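Visitor: okay, sequence plus prediction incoming.
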Protein chains: 2
Amino acid sequence: MALLSVFTPILAVVLCLVIGFVLVKSWDTETTSTSPGKSKGATKGEKRPWVDQDLQDDTEITAKEDDDDADDDWGDSAEEENLTQLSYSPQRYPEETMLQRSKEFYTLMNQRRSVRFISPEPVPREVIDNVIHTAGTAPSGAHTEPWTFVVVSDPDIKHQIRLIVEEEEEMNYHQRMGEKWVQDLAKLRTNWIKEYLDVAPYLILIFKQTYGILPNGKKKTHYYNEISVSISCGILLAALQNVGLVTVTSTPLNCGPKLRLLLKRPANEKLLMLLPVGYPATDATVPDLKRKHLDDILVHV
Amino acid sequence: MALLSVFTPILAVVLCLVIGFVLVKSWDTETTSTSPGKSKGATKGEKRPWVDQDLQDDTEITAKEDDDDADDDWGDSAEEENLTQLSYSPQRYPEETMLQRSKEFYTLMNQRRSVRFISPEPVPREVIDNVIHTAGTAPSGAHTEPWTFVVVSDPDIKHQIRLIVEEEEEMNYHQRMGEKWVQDLAKLRTNWIKEYLDVAPYLILIFKQTYGILPNGKKKTHYYNEISVSISCGILLAALQNVGLVTVTSTPLNCGPKLRLLLKRPANEKLLMLLPVGYPATDATVPDLKRKHLDDILVHV
């Protein structure tokens, strides 16, 4: 007891230090953990946004300044700077032709709809190859071309894909039903049955490569890979529409890992989209949806 | 001293509790802060990935199950279920025509290049309108059409955009140079000068709407808005190429807030891309880049 009392002042000092440390530490944690929440809140009003707030919901921005290839301008990568420059003079059309072509392309694309009723009829594989070749012409951050298109025509693999997707979908629906007390089971059931995954002659699974491997074995981050692959998908959808094939855009994110393993894709590839592709079924229907008017999406300044 | 020694056991107990608390707290913090790193590390080997790891780099997945519209299949939204179904029978081409069309579209798209040397010649505004109308036909999560295309032709606004973009670019380059001890200032300087922002007859700034406002005033999350708008950009690039106009894809993310305020866009809109658009300059050059072979991007299963 006497010995302890000698150490009492020391204990008191240690205690103060420890309490001080805890206070500082918890303040730190609070600052760090609430900042994303704050930024979400900031979108409520017309406050002057901070740069970081605007970046919060952008996929790959955190590592942005670590690499020479992370230029905003996708063509400006360090690698390109060392390449020979070639003169570029693509075909130029008279104004009237431009107008005509722009109208025709709009008309063609405006006929595109997401179609879930796909015919089992075979489609020439070369057409699919050309469509994917076209998608591969998309621009990409630092010309990384971070996409892999897996075209599945094997009926067994298609069926396994269907089972994986339906299992996940069913779980999603059940979870939601638990939350929302939805009563009409029968009606919702149709939502997780994806017959077209068996029926469509092709399933195109589009993977984004989140990083690449350099010749020295090091990883190379693929900046903007999700945006790049999505742009490529836009061109893919245009190419499908151009040949009279239909699809429905789906992003089965929860099934990504299982589908990646099923298709034996490497760890740097993550599933972004799954497109069942074919001719429309003869009795195909689409919901009577309208698109926004041009004035609602376009602002001239 | 005697009084203190009475409290010594109590002090010792408190000290133990405090130390215990600190240990637990720091463990918590570590777990939280290292988990994103862990998931990145997990991609190194061919480990069986967890679902959550696959979701880490996906923008808007956290809120995914909060809403009826968050279906994986973009056409399956609750709203669409209540719509009339219309029969859908788009144009069907004979196989030979399909093949021909797929080849021609590939050839056209394969001629597209990112071009930074843009002619100041005027371009008919109606062509730009049609191109953007075409981009607006893209599919979107739950048919939210979460895009706004701001077309800037006003020389003053174009110049203000240039100043904002160049200021940010210059800061980016200086930061990198500081880190990497780059010595050749003169060579890098060209990277942040974006003359085309003044010269191009049009700048198209593409905003993603991260949420919408329902009639009852509540916010409605736009799931997959970044992917949807990127797909729409893919179709926009195809439409530009189709009329012989050029652009360079850029994602000036750091300038987003300033450009949003300059263009008076509401708080739910975030800049995704900036495309300077026009005819190519007569002396335009592009780097001698090659695209991947089809076999390197396509896998048949």
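Guide: The structure has been received and is ready for your questions. Numbering: from 1, shown residues only, chains lettered A, B, ... in the order given.
Visitor: contacts and neighbour counts: CA atoms only from here.
Guide: OK.
Visitor: residues of the helix or strand containing residue A:156 that come out buried?
Guide: In the assignment (DSSP states H and E), residue A:156 maps to helix A:155-180. In terms of neighbour count (16 or more other Cα atoms under 10 Å in any protein chain shown), helix A:155-180 has its buried residues at A:155, A:157-158, A:161-166, A:168-170, A:172-174, A:176.
Visitor: average pLDDT across stretch A:285-296?
Guide: For stretch A:285-296, the mean pLDDT works out to 95.
Visitor: what's the span of that stretch, first residue to last?
Guide: Across stretch A:285-296, the terminal residues are separated by 27 Å (Cα to Cα, to the nearest Å).
Visitor: does any bit of it sit next to chain B?
Guide: Yes - remark: stretch A:285-296 sits within contact range of chain B at A:285-289, A:291-292, A:294, A:296, by Cα under 8 Å from any Cα of the partner chain.
Visitor: in ChimeraX, how would I select the buried members of the residues you listed?
Guide: The following ChimeraX line selects those of the residues of stretch A:285-296 next to chain B that are buried, judged by 16+ other Cα under 10 Å:
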select /A:285,286,287,294
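Visitor: okay, the residues of stretch A:285-296 next to chain B in TSV with distance to residue B:117 and secondary structure next?
Guide: Formatted as TSV, those follow (distance: Cα to Cα, whole Å; DSSP: H, G, I helix; E, B strand; the rest coil):
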residue	distance to residue B:117	secondary structure
A:285	46	strand
A:286	43	strand
A:287	44	strand
A:288	43	coil
A:289	40	coil
A:291	35	coil
A:292	33	coil
A:294	29	helix
A:296	31	helix
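Visitor: and the furthest pair within the residues of stretch A:285-296 next to chain B?
Guide: For the residues of stretch A:285-296 next to chain B, the farthest-apart pair by Cα to Cα is A:285 and A:296; their separation is 26.8 Å.
Visitor: run through who's touching stretch A:120-133.
Guide: Residues outside stretch A:120-133 that contact it (Cα atoms under 8 Å, 6 or more residues apart in numbering or on different chains) are A:149, A:199-201, A:236, A:239-240, A:278-279, A:281, B:95, B:98-99, B:102-103, B:106, B:294, B:298.
Visitor: try 7 Å this time
Guide: Contact with stretch A:120-133 is made by A:199-201, A:236, A:239-240, A:278, B:98-99, B:102-103, B:106, B:294, as judged by Cα atoms under 7 Å, 6 or more residues apart in numbering or on different chains.
Visitor: and stretch A:237-251, by the same measure?
Guide: A:109, A:112, A:114-116, A:131, A:134, A:272-280, B:72-74, B:90-93, B:98, B:101-102, B:105, B:235.
Visitor: by contact count, what packs against the one helix or strand residue A:277 maps to?
Guide: Here residue A:277, judged by DSSP H and E, is contained in strand A:269-277. Where contact means 3 or more Cα pairs under 7 Å, 6 or more residues apart in numbering or on different chains; DSSP states H and E, strand A:269-277 is packed against strand A:202-209, helix A:256-262.
Visitor: just the CA trace of it, in CSV.
Guide: Only the C-alpha atoms of strand A:269-277 are listed here, as CSV (Å, rounded to 0.1, in the frame of the first residue of the first chain):
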residue,chain,number,x,y,z
GLU,A,269,-12.0,-8.4,-64.0
LYS,A,270,-15.3,-7.5,-62.5
LEU,A,271,-18.7,-8.0,-64.1
LEU,A,272,-20.3,-4.7,-65.2
MET,A,273,-23.2,-5.8,-67.4
LEU,A,274,-25.0,-8.8,-68.8
LEU,A,275,-26.8,-8.5,-72.1
PRO,A,276,-28.9,-11.4,-73.5
VAL,A,277,-28.8,-10.9,-77.3
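Visitor: give me the mean pLDDT for it.
Guide: Here the average pLDDT along strand A:269-277 is 97.
Visitor: check stretch A:175-186 too.
Guide: Here stretch A:175-186 scores 52 as its mean pLDDT.
Visitor: and the strands in the stretch 51-200 of chain A, which stretches?
Guide: Taking DSSP state E, counting those that start in this stretch to define them, one finds strands in the stretch 51-200 of chain A at A:85-87, A:147-152.
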